[in-house]
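# Just the structure for this:
(one chain, ligands or ions: 1)
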Amino acid sequence: MVNKTEAIFILKTFIAYSIINNIMEFEVLKKTPLFNTFSEQGKRIFLPQGIFHWSGRAKKEAEISGTLGSAFGYEKDFIEGGSSEWLPLYLEDIKNYSKLSVKEIVPYSKVSGLEELKNLWKQWIIKKSLYSKENDQIKLENLENFTTTPIVTSGLTNGIFLCCSLLLNPGEFIISPNKRWGNYDNIVEKLLGAKIKSFEFFVEEKFNVQGLKDAIYEISKVQEKITLILGFPNNPTGYVPSEKELKELVNMLRESQKDLGKPIIVIVDDAYEPYIFSNKVINRSIFYALHEIEEDVIPIKLDGITKELLLYGGRIGFITVGLKSNWVKKEEDLKALNTELTNKLSGLVRTTISNSNHFYQALVINLFKDVGMEGLIQKRNNVINLLKERYVKINHELSKINNANISVDPNAGGFFVFVNLDPNKISASQFADHLLRKYKVGVIPIEKPSDGINGIRIAYCSIDSTKISEFVNRINLALADF
Ligand SMILES: Cc1ncc(COP(=O)(O)O)c(C=O)c1O
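Residues are numbered from 1 along each chain as shown. As a prediction, this is how the structure comes out:
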């Protein structure tokens, strides 16, 4: 028998051994249904603590530290007229391009992102939930407590790649509507060697809940977990579900999950989250409705500054995992779960991009602090109003086309509309070519016969309102040529 002192000594030695040997056991995560949804790579990956352990300790304990792998010095020693401040070594001229301090531009960011930004983004996610303190107290608390601290990625694309890497083994399926952002196919199929199971997006202009259910049941025959990727407003259609459609979708997911007894992970691609132009549809991400339910329908939210804050080149995105309150019994397990998931995702960040752009993280922190979340929303409303005007106009003009060979998909937001062309009459690529040559109008044709798609995507986000009538008029003329 070991006595208490010996037991504490053994435990301390084990913890020290684990840290020094970079072992994280993921004890809490392994007990949740989430762990078994991970790919082999997802199960293997972790962020070794070695460097971070020693540099963290040195920060507190060392008198002279040689742990930090980026060059630092007293500013006066490398910049003429510089201060005595200990700063990252930098080239003087970079200061001409930004009001941000050297410290906000030059150093590495933490692997999972700047703490301040991650906390601000969590507040942003809470704000975007539209829950009110008065009426939705429990939902608010649930959202605050049972979502991970967002981790920073290099834009949403990187977030999609990291999540798919975490979840999909080569050959495994992820389910997606047939009309989707083409890069999903590149990431899932070409890069990861996994597969996309498509389902027909719409029946009678509504979300095809039955089609998705059929796909779930089919995949459940060959997999122990179901993974979906959904996002509204959708690219390329601009579709956003109504409250009723969302309810049907959520009910189907919870019923299917209960019936199959397998976790359903929903990667929620919220790239276009705030761009909703109709009051007949939901006004926030489906992440929140999925997070509210108790069943193991597990939403992972991907969002970022790209479109939300109109900073396309900033390359800052976030991954936030929705947890279920019944997964953990104790507060410390909840904390551990957040740490473990952050470690896993950080392992993926560290092995791919190492860490994200510091400058843009600092810029967003400053925006949130100086302009404020409400201020940003107010200012962005000018942009939303401009896009809404184009949305109304393009739909109005397209509705005037009287041609049985075309149909416009339901749309209520985002940056695009999608016009289907009858494949028996017109090939989308030929049409786009003709439209461009003869009428000098550019659109993106999407032709995927295996998915039943033949149509053109119109990015009205980049067409001035005054040109929309003429734009559609030329499409109409081109249609008459076929
Ligand atoms: C649906 C969708 N998801 C993700 C992205 C990529 O976003 P990011 O530029 O942040 O990588 C796009 C960009 O076009 C998109 O349309």
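
# neighbouring contacts of stretch 102-121?
Residues from elsewhere that reach stretch 102-121 (CB atoms under 8 Å, 6 or more residues apart in numbering): 47, 70, 87-88, 90, 94-95, 98, 149-152, 318, 320, 342, 345-346, 349-350, 354-359, 361-362, 364-366, 368. No exception for glycine: its C-beta is placed from N, CA and C like everyone else's.

# For the protein, name the helix or strand with the lowest mean pLDDT.
Here the helix or strand of the chain ranked lowest by mean pLDDT, DSSP states H and E is helix 4-20, holding a mean of 54.

# of the contacts of stretch 102-121, buried ones?
Listed as buried from those are 47, 87-88, 90, 149-152, 318, 320, 342, 345-346, 349-350, 355-359, 361-362, 364-365, 368; burial here means 16 or more other CB atoms under 10 Å.

# These in strands, which ones?
Those of those mapping onto strands are 87-88, 151-152, 318, 320, per DSSP state E.

# rewinding a little: just the contacts of stretch 102-121 that are near the ligand?
Counting by CB under 6 Å from any ligand atom, nothing from those sits close to the ligand.

# Domain ranges for the chain, per the record?
115-370, 376-480 (automatic domain parsing).

# Just the terminal-to-terminal distance for the longest one.
End-to-end distance for domain 115-370: 18 Å, by CA to CA, to the nearest Å.

# Just give the closest residue to P170, not the sequence neighbours.
Spatial nearest neighbour of P170, chain neighbours left out: G193 (3.6 Å); criterion: CB to CB, 6 or more residues apart in numbering.

# can you check K393 too?
Distances taken as CB to CB, 6+ apart put I468 closest to K393, at 4.6 Å, once the chain neighbours are dropped.

# so which helix or strand takes in the one you found?
Element membership of I468 [criterion: DSSP states H and E] is helix 465-480.

# which residue sits closest to V222, ignoring its sequence neighbours?
Nearest one to V222, counting by CB to CB, 6+ apart, is F173 at 7.5 Å.

# So that neighbour sits against T227, correct?
Yes: F173 is within contact range of T227, at 7.3 Å (criterion: CB atoms under 8 Å).

# Next up, the contacts around I300.
The contact partners of I300, taken as CB under 8 Å, 6+ apart, are 163, 265-268, 319-322.

# Closest to the centroid, which residue in the chain?
Centroid-nearest residue in the chain, with CA atoms, centre = their mean: L302, separated by 1.7 Å.

# Assign the nearest residue to that residue once chain neighbours are set aside to helix, strand or coil.
Closest residue to L302 apart from its sequence neighbours, by CB to CB, 6+ apart: G159 at 4.3 Å. Three-state assignment for G159 (DSSP: H, G, I helix; E, B strand; the rest coil): helix.

# If we go by neighbour counts, what in the strand or helix carrying I126 is buried?
If you go by DSSP H and E, I126 is part of helix 115-128. Within helix 115-128, the residues that count as buried by 16+ other CB under 10 Å are 117-118, 120-122, 124-126, 128.

# got CSV for those, with pLDDT and distance to E447 too?
Output for these, formatted as CSV (pLDDT from 0 to 100; distance: CB to CB, whole Å):
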residue, pLDDT, distance to E447
L117, 98, 41
K118, 98, 41
L120, 98, 42
W121, 98, 38
K122, 98, 41
W124, 98, 38
I125, 98, 37
I126, 98, 42
K128, 98, 35
